[in-house]
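Undergrad: A predicted structure for the sequence below; I have some questions about it.
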Amino acid sequence: MKKFLQEFKDFAVKGNMIDMAVGIIIGGGFGKLVTSLVNDILMPPIGMLLGNVNFSDLKITLKDAYLDTAGIAQPAVAINYGNFIQVIFDFIIVAFSIFLVVRLMNKMRSMTAKDEAVAPAPAPQPTKEEALLTEIRDILKQK
């Protein structure tokens with residue numbers, strides 16, 4: 001049991017696991033942000049251009065709602081293709097946003113690599129032994 005708990009601790013506190021957890025949390029927040037962007041900012045003008053169409057309302061009704069024999073309302077059966085269109089817009093915006101972030105990161109990485117490549121590496125300092133041998137050589141040349 002002790003070994004099991006130690007393995008779990010090692011697994012749970014690994015750097016990669018923490019990074020993944022942070023990514024998932026930020027991804028959830030990013031998803032809400034993109035959903036709001038699509039629903040509240042982009043879709044109203046697109047719907048207006050298309051004649052005040054709300055994509056969420058687009059559907060093909062297969063069976064209308066009705067009251068059963070017991071008087072209980074039964075919902076309509078419909079294919080909600082408008083929701084599907086909405087999800088496609090969400091996906092395209094998320095994919096484009098991630099593309100822009102990755103592109104920016106790659107540019108920053110390449111700029112950093114160029115800066116490192118341009119700056120010459122400093123010459124290594126001679127060891128004490130090399131300095132002593134150089135000094136002896138110079139004295140012998142003078143004689």
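TA: Received it, and whenever you're ready, just let me know what you need. Numbering: from 1, shown residues only.
Undergrad: name the element the residue at minimal distance from the centre of the chain belongs to?
TA: When the chain is reduced to its mean C-alpha position, the nearest residue by C-alpha atoms, centre = their mean turns out to be Ile98, at 5.6 Å. Under DSSP states H and E, the secondary-structure element containing Ile98 is helix 81-118.
Undergrad: Which helix or strand lies directly C-terminal to that helix?
TA: Defined by DSSP H and E, the subsequent element after helix 81-118 is helix 128-142.
Undergrad: Now do that next one, average pLDDT.
TA: In this model, helix 128-142 has a mean pLDDT of 87.
Undergrad: chain center to that helix: distance?
TA: Averaging C-alpha positions (C-alpha atoms, centre = their mean, to the nearest Å) puts helix 128-142 59 Å from its chain's average.
Undergrad: what does stretch 77-90 give?
TA: When distances are taken as C-alpha atoms, centre = their mean, stretch 77-90 is centred 24 Å away from the chain's centroid.
Undergrad: Repeat that for stretch 72-90.
TA: Centre to centre, stretch against its chain (C-alpha atoms, centre = their mean), the figure for stretch 72-90 is 28 Å.
Undergrad: Kindly report the same for stretch 44-59.
TA: In this view, stretch 44-59 has its centroid 29 Å away from the chain centroid, taken as C-alpha atoms, centre = their mean.
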